[in-house]
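Asks: give me a 3D structure for the following:
(chains A, B, C and D)
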Protein chains: 2
Amino acid sequence: MPSERPTSRDVARLAGVSRTTVSLVLNNVPDVHISPETRQRVLEAAQQLGYYPDASARRLVRGKTHTIALVWHRGPDRLYRDAFLPGLLQGLTGAARQYGYHVLFRPIEADEPDDAYVELARGRHTDGLILSGPRSDDDALIHLYQDQFPLVLHGQLPETDIPSVDVDNVQGAGAAVEHLLRLGHRRIGMITNAPLAYTASQQRLEGYRRALEGWGLPYDDTLVRYGNFDEESGLRAMESLLALDPPPTAVFVASDMVAIGALRALREHNLRVPEGIALVGFDNIAAARFITPALTTVHVPAFGLGWAAAELLIRLIEGDRPAETQVRLETELIVRESCGAKHSV
Amino acid sequence: MPSERPTSRDVARLAGVSRTTVSLVLNNVPDVHISPETRQRVLEAAQQLGYYPDASARRLVRGKTHTIALVWHRGPDRLYRDAFLPGLLQGLTGAARQYGYHVLFRPIEADEPDDAYVELARGRHTDGLILSGPRSDDDALIHLYQDQFPLVLHGQLPETDIPSVDVDNVQGAGAAVEHLLRLGHRRIGMITNAPLAYTASQQRLEGYRRALEGWGLPYDDTLVRYGNFDEESGLRAMESLLALDPPPTAVFVASDMVAIGALRALREHNLRVPEGIALVGFDNIAAARFITPALTTVHVPAFGLGWAAAELLIRLIEGDRPAETQVRLETELIVRESCGAKHSV
DNA sequence: ACGTGTTACTAACACGTGTTACCCAATGCC
DNA sequence: GGCATTGGGTAACACGTGTTAGTAACACGT
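Replies: I've put the predicted structure just below:
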């Protein structure tokens, strides 16, 4: 880009007015009197020169970047979370655009310190952060929050009141298990999406337990296995459940990825789904639709989560304290083939 | 964030030196003599105050934003391209980080003008742009290029020498068809990924044609159908191919998404894959692995494309004219079940 | 005694904008 | 006629940094 980029001074010169006037006109400052002719001259001059105000200068003088960042932590669940990235980003940018904000994408790689993102905040690269996959041992995060820096978590951090956006895992898991109960199953196993160190895992397990108890069935932890984000863990967990005597007639797998592994185990044991064992997943990743049998699952609204996160964050930035800073979105049960409902209806 | 944010002036005051010295020390400016004691004092003062230089001020004075943007156009292929977004972004940010750049994500929505992204460039929000899904009728793009603004296209625009990054579609399609030929097929149909207005479609078709001709087989356009990004189009195209007498014994579908539709058509006709008809796809989207039968396909290295695009763009920004501005990455054939190779080996 | 270099540092300008405080002329009011 | 008010505009400061040109002190060779 050649250096002959026009500045507001050039526009002022061409229009025969002061730089102040140019600024007043171009920003449509209210309650200020500029004659229509002058206004017109300025507009034409700006147009003619192809003037665009310099973003850096604006940021500096206004003390605002009009940018928010999505901080994307690596971790064992990275591949899993990648499935939500496009939807989440579209939601984020959609809401951001409505408020005139830009979105920065900032993954934290394995060779970086976990708190590498603080520079974004402290160095005033952005006005606020959305943190995906927060860890409770992250005290840089706590400090930022104490310093009133605008933050929204994607996912939950127990024991804090940091604003966050998440899906209602208890309700979603409950709906899945309820569905199996309605189909007549009474011996229902569960494979978690991840170890219980993850809040979401605890909550989905809790939903499973409550659904059972709501129907007067005891919670029995011999029917529960722990997944770990990937197919492999699902395969092993299902093998272990099949070793039970008798095995469950249905299994709620709290992650589609893990469910795909479970499905493979069933195929290797020549068990038909849903006739032999019924399955319900969680997440509604793209592959759930395509796999055979198509997976009944709990839909996680990635777009909606992104939208809500950006909207909440921007509200915090602009200072109008929102009534509710803990957003929980509802999930939706997507009935396909793996649960057996299609046959029993 | 309270307004007591420390500036370099505060650091200078605390260390008992001038602001200039602070800047020199903190930026490690070479060939300048500062006594070790002073250097130490400055560092300690900065540390003690928790000083982070203001990014906006830096951008302004340096005339660089150290930011690049990924412009993501909507379009009929959006859902299709979403499959590559996570990989592409990881690649982009990975390379960007090595050079100290940030990455902005900017989708252009349906209700915006196509050239809404120029503001990013003209207003100096970013130092360069990566454009995904460029259209040849976009003259804002041409102007930007003429004004020497650093640009890299993801995908190709015929008849220009704008730097671009893409996969070698001709080679990839050729390898896919070659694979089917080696397996003994001689009557091979093709379903394109999209209408021929898309450069990638033309090129994949060209790869198909060349592979046939390389084996001395005539190119026969009665064996070719046109997909349109989605499952539905694949289903219809395959139905049409099945109406031929005799139908092809194998089909190269230049998009996994479309291939999934084709697969459904075959299932509805009770044709087994690969025994009845063999299939090879293109793209290697996540679902290709999970579907039954698992899809043999041509892998598109999204991460590599992102990395290459960012690296090329940053080279252009920093002024060291790269030797080659048209990057073409190789694809890789992923052999799974749908082609029949697993049985014949 | 004098110029020449070197070390260690600083004063002052520049980047391009938004905004406050002020000014001048014309008008309205009694 | 004197005074307040309003319309239309500008001079000057501020934002927080990077960088150039310059200075003061001191060492050194002759």
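
Asks: can you pull the domain assignment for chain A?
Replies: With domains defined by automatic domain parsing, chain A comprises A:8-53, A:67-166+A:303-328, A:169-300+A:333-344.

Asks: any part of the second one near DNA strand C?
Replies: No - using Cβ under 7 Å from any atom of the strand, domain A:67-166+A:303-328 never reaches DNA strand C; the gap is at least 12.9 Å. Just so you know, the C-beta spots here come from the backbone N, C-alpha and C atoms, and that holds for glycine as well.

Asks: so is that domain next to chain B?
Replies: Yes - interface with chain B: domain A:67-166+A:303-328 contributes A:67, A:82-83, A:85-86, A:89-90, A:93-94, A:97, A:102-107, A:109, A:119, A:122-125, A:147-149 (Cβ under 8 Å from any Cβ of the partner chain).

Asks: so for DNA strand D, which of the domains of chain A sits nearest?
Replies: Closest to DNA strand D of the domains of chain A, according to Cβ to the nearest atom of the strand: domain A:8-53, at 3.2 Å.

Asks: straight-line length of the closest one, end to end?
Replies: End-to-end distance of domain A:8-53 (Cα to Cα, to the nearest Å): 7 Å.

Asks: pull the distance from that domain to the chain's centre.
Replies: From the chain centre to the centre of domain A:8-53 is a distance of 42 Å (Cα atoms, centre = their mean, to the nearest Å).

Asks: mean confidence score for it?
Replies: Across domain A:8-53, the average pLDDT comes to 91.

Asks: same question for stretch A:255-273.
Replies: For stretch A:255-273, the per-residue pLDDT averages 94.

Asks: what's next to that stretch, contact-wise?
Replies: A:79-80, A:83, A:191-194, A:227-239, A:242, A:251, A:253, A:276-277, A:279, A:281-285, A:287-288, A:291, A:293, A:295, A:297, A:337-338, B:290 (Cβ atoms under 8 Å, 6 or more residues apart in numbering or on different chains).

Asks: show me where the stretch 101-250 of chain A has its helices.
Replies: A:118-122, A:139-146, A:169-182, A:199-214, A:231-242 (DSSP state H, counting those that start in this stretch).

Asks: could I get the ones you listed in TSV, plus columns for mean neighbour count, mean pLDDT and distance to B:V11?
Replies: Shown next, in TSV, are the helices of the stretch 101-250 of chain A (neighbours: other Cβ atoms under 10 Å in any protein chain shown; pLDDT from 0 to 100; distance: least, Cβ to Cβ, whole Å):
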stretch	mean neighbour count	mean pLDDT	distance to B:V11
helix A:118-122	20	95	14
helix A:139-146	16	92	20
helix A:169-182	22	97	46
helix A:199-214	20	96	40
helix A:231-242	21	96	50
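
Asks: can you redo these as TSV with distance to B:S35?
Replies: What follows is the helices of the stretch 101-250 of chain A, written out as TSV (distance: least, Cβ to Cβ, whole Å):
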stretch	distance to B:S35
helix A:118-122	28
helix A:139-146	33
helix A:169-182	59
helix A:199-214	52
helix A:231-242	59
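
Asks: so which of the ones you listed gets nearest A:P53?
Replies: A:P53 sits nearest to helix A:118-122 of all the helices of the stretch 101-250 of chain A, at 23.6 Å, using Cβ to Cβ.

Asks: close to DNA strand D, is the closest one?
Replies: No - Helix A:118-122 does not reach DNA strand D (Cβ under 7 Å from any atom of the strand); its nearest approach is 10.4 Å.

Asks: residues from the stretch 51-200 of chain A in reach of DNA strand D?
Replies: A:A57, A:L60, A:V61, A:G63.
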